[in-house]
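Student: Okay, structure incoming, though there's no sequence with it:
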């Protein structure tokens with residue numbers, strides 16, 4: 001069984017065609033995918049639990065942008081540890097400063113190759129998978145025979 005099938009990615013973008021394309025590509029790669037097309041949907045879904053990573057468009061057309069969404073999620077104890085990958089068409093100096101200030105660690109500039117996003121997610125979430133396997137292995141070694 002593919003380890004990706006146990007990982008859920010929340011795709012947040014206000015453009016439905018982008019959401020559907022990411023849902024298709026990530027699903028084909030084996031990930032489970034949830035979608036949100038507004039900041040309200042993103043907050044609600046992230047706080048429900050079970051989200052392993054978030055792709056987040058910076059230029060949401062809501063009252064707040066993706067950087068504000070990330071700042072709020074990073075301050076919330078329920079969602080603070082979820083890795084966020086920003087997807088942006090404007091990686092300028094202002095973005096760089098705000099991006100670092102909100103506590104996020106990853107971003108891709110548009111246009112980007114979907115394979116790069118999948119490799120990025122594999123790197124982020126695969127590290128978690130290896131750590132979990134090591135933890136289970138150590139726990140088994142401590143059990144009496």
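Tutor: Noted; the coordinates are in hand. Everything numeric here is computed off the predicted structure, so don't read it as measured data. Numbering: from 1, shown residues only.

Student: Next up, the contacts around the nearest residue to residue 29 once chain neighbours are set aside.
Tutor: With Cβ to Cβ, 6 or more residues apart in numbering as the criterion, residue 29 has its nearest non-adjacent residue at 4.8 Å, and that residue is residue 118. The C-beta positions use only the backbone N, C-alpha and C, and glycine is treated the same way. For residue 118, the contact set (Cβ atoms under 8 Å, 6 or more residues apart in numbering) comprises 25-26, 29.

Student: could I get those residues as CSV with pLDDT?
Tutor: Putting those into CSV (pLDDT from 0 to 100) gives the following:
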residue, pLDDT
25, 94
26, 94
29, 92
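
Student: Among those residues, name the buried ones.
Tutor: 25-26, 29 (16 or more other Cβ atoms under 10 Å).

Student: can you pull the contacts of the residue nearest to the spatial centre of the chain?
Tutor: The chain has residue 54 as the residue nearest its centroid, 2.0 Å off, counting by Cα atoms, centre = their mean. For residue 54, the contact set (Cβ under 8 Å, 6+ apart) comprises 9-12, 42, 46, 73, 82-85.

Student: what's the pLDDT at it?
Tutor: For residue 54, the pLDDT comes out at 95.

Student: lowest average confidence, helix or strand, in this structure?
Tutor: The helix or strand of the chain with the lowest confidence, counting by mean pLDDT, DSSP states H and E, is helix 114-142 at a mean of 72.
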